[in-house]
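Participant: The amino acid sequence is not available; the structure is as follows:
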């Protein structure tokens, strides 16, 4: 149960998106000024799709991805695009507000060490199958060839963090409470589903002589044919698996807190939000398939999570339901440089010093870790300002300790 009230940190008036590009078949609406050329070209490819609806929306964390830019929102009529969801299907955030008001550094270090013992990181999986009660229902597996093939392996992956930009973080909120946040996705099962159906879509598009050029990496499936229905079912299973993955990690993390604080610790219900998926929704009076790749739902009923980079603030938000973004917002700060560029150009000592000065227990140790340094990401304060018309901030969260995959 909730034991304290979350209030608005601030409220603002509705403003329009920052830019609009009108020289494509449908407009591209941008909530940022600093879009990289590759991401813009991908957005133009989206705007040229014959089944794209009304306009393309680019969130303030937008940057180049595969086929569709990260931070992009695409609505289609009767078509679903595996590459517009991506390989980490259902990747997202969860956060829990606790009854704690502070943690001393020694206890926090001990907690993080214990968490590492319970939650496998990076490419590591559990050595044993996890109880199937932690998995989405197995009876759903009819007509799901990829999920069926990967199910047993996934029972060892549920409750694991993965690598890249996935993290576990302990934070102090502007509400005076300690929070726990987890960012992770569907692990290998999501990638296998994504790759299988993207390859299948490419093959079918060639047979159908699709007007969408193969170079755009936007092969599509009709939503009402066998292949489209299978992808939709397997994608939704992966979304549920990603949630189950985050939930098991959070349960294990909370067990560590309970061990250290015993009866003095309570936790509010978990907040969860996904940012790589497609869903059937109604916008502008039309039944659509809305693809959010590195973007989250932000209707008026949604409490969301927008994380910053390592060492930066994160936010619990309430959606405003702005129709121009298809009721969406950013999923994070967004990269401003690629991983190789970050390793090549950032100064490890300076990046470590930035975190040490804030007293954050962090994960920067060696040059390879620079790909996830704060200097590789956009300024989250600017990102939040650029989406004043998409969300209200409920709580600002500042990091105390972070575990990276």
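Facilitator: Structure's in. What do you need? This is a predicted model, so every value here is computed, not measured.

Participant: Residue 381: neighbour count?
Facilitator: For residue 381, the count of nearby residues is 13 (other CB atoms under 10 Å). In this view, the C-beta of every residue, glycine as well, is placed from N, C-alpha and C.

Participant: can you pull the contacts of it?
Facilitator: When contacts are counted by CB atoms under 8 Å, 6 or more residues apart in numbering, residue 381 touches residue 313.

Participant: centre of the chain versus the helix or strand hosting it, how much separation?
Facilitator: In this assignment (DSSP states H and E), residue 381 forms part of helix 380-386. Helix 380-386 sits 17 Å away from the centroid of its parent chain (CA atoms, centre = their mean, to the nearest Å).

Participant: With stretch 97-112 instead?
Facilitator: 25 Å.

Participant: three-state assignment of residue 329?
Facilitator: What DSSP: H, G, I helix; E, B strand; the rest coil gives for residue 329 is strand.

Participant: For it, list the residues it contacts.
Facilitator: So residue 329 contacts 59, 295, 296, 298, 304, 306, 317, 319, 387, 390, 391 (CB under 8 Å, 6+ apart).

Participant: same check, this time on residue 387
Facilitator: 31, 59, 60, 329, 330.

Participant: got it, and residue 90?
Facilitator: Counting by CB under 8 Å, 6+ apart, residue 90 touches 185-186, 190, 235, 238-243, 274, 276-277.

Participant: and which of those residues is nearest residue 368?
Facilitator: residue 185 (21.0 Å; CB to CB).

Participant: Quick check, the closest one in contact with residue 91.
Facilitator: Yes: counting by CB atoms under 8 Å, residue 91 is a contact partner of residue 185 at 3.0 Å.

Participant: Name the residues contacting each of the two.
Facilitator: With CB under 8 Å, 6+ apart, residue 185 and residue 91 have common neighbours 242, 276.

Participant: which ones are touching residue 271?
Facilitator: Residues in contact with residue 271 (CB under 8 Å, 6+ apart) are 93, 94, 95, 96, 303, 304, 305, 316.

Participant: what number of residues lie near the first one?
Facilitator: The number of residues packed around residue 93, counting by other CB under 10 Å, is 24.

Participant: Looks to me like it is in a strand.
Facilitator: Yes: Residue 93 sits within a strand when classified using three-state DSSP.

Participant: Quick check: beta-bridge partners of it?
Facilitator: residue 183, residue 273 (DSSP bridges).

Participant: Distance of it relative to residue 200?
Facilitator: Taking CB to CB, to the nearest Å as the measure, residue 93 and residue 200 are separated by 30 Å.

Participant: How about the fifth one?
Facilitator: Going from residue 303 to residue 200 by CB to CB gives 36 Å.

Participant: what's the answer for the fourth one, then?
Facilitator: Noted for residue 96: a distance of 38 Å to residue 200, by CB to CB.

Participant: ok, residue 183 touching residue 162?
Facilitator: No: between residue 183 and residue 162 there is no contact under CB under 8 Å: 9.2 Å.

Participant: Please, where are all the strands along the stretch 201-350 of the chain?
Facilitator: 221-222, 271-274, 276-283, 286-293, 295-297, 303-306, 314-319, 328-330 (DSSP state E, counting those that start in this stretch).

Participant: So which bits of stretch 85-92 are buried?
Facilitator: 85, 86, 87, 88, 89, 90, 91, 92 (16 or more other CB atoms under 10 Å).

Participant: Would you indicate which residues of the next helix or strand after the helix holding residue 381 are buried?
Facilitator: Once helix 380-386 ends, the next helix or strand along the chain (criterion: DSSP H and E) is strand 391-404. By 16+ other CB under 10 Å, the buried positions in strand 391-404 come out as 391-404.

Participant: Out of the residues you listed, the closest to residue 343 would be?
Facilitator: Once CB to CB is applied, the member of these that ends up nearest residue 343 is residue 404, at 14.5 Å.

Participant: if I pick the closest residue to the closest one other than its chain neighbours, what's in contact with it?
Facilitator: Computed as CB to CB, 6 or more residues apart in numbering, the closest residue to residue 404 that is not its neighbour in sequence is residue 363, at 3.8 Å. Counting by CB under 8 Å, 6+ apart, residue 363 touches 167, 310, 369, 372, 402, 403, 404.

Participant: Residue 222 too?
Facilitator: Residue 222 makes contact with 78, 79, 228, according to CB under 8 Å, 6+ apart.

Participant: the helices in the stretch 101-250 of the chain, which residues?
Facilitator: Along the stretch 101-250 of the chain, counting by DSSP state H, counting those that start in this stretch, helices occupy 105-118, 145-157, 187-208, 226-261.

Participant: Make TSV from the ones you listed and add mean pLDDT and distance to residue 350 to it.
Facilitator: Shown next, in TSV, are those (pLDDT from 0 to 100; distance: least, CB to CB, whole Å):
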stretch	mean pLDDT	distance to residue 350
helix 105-118	97	23
helix 145-157	97	36
helix 187-208	98	33
helix 226-261	97	31
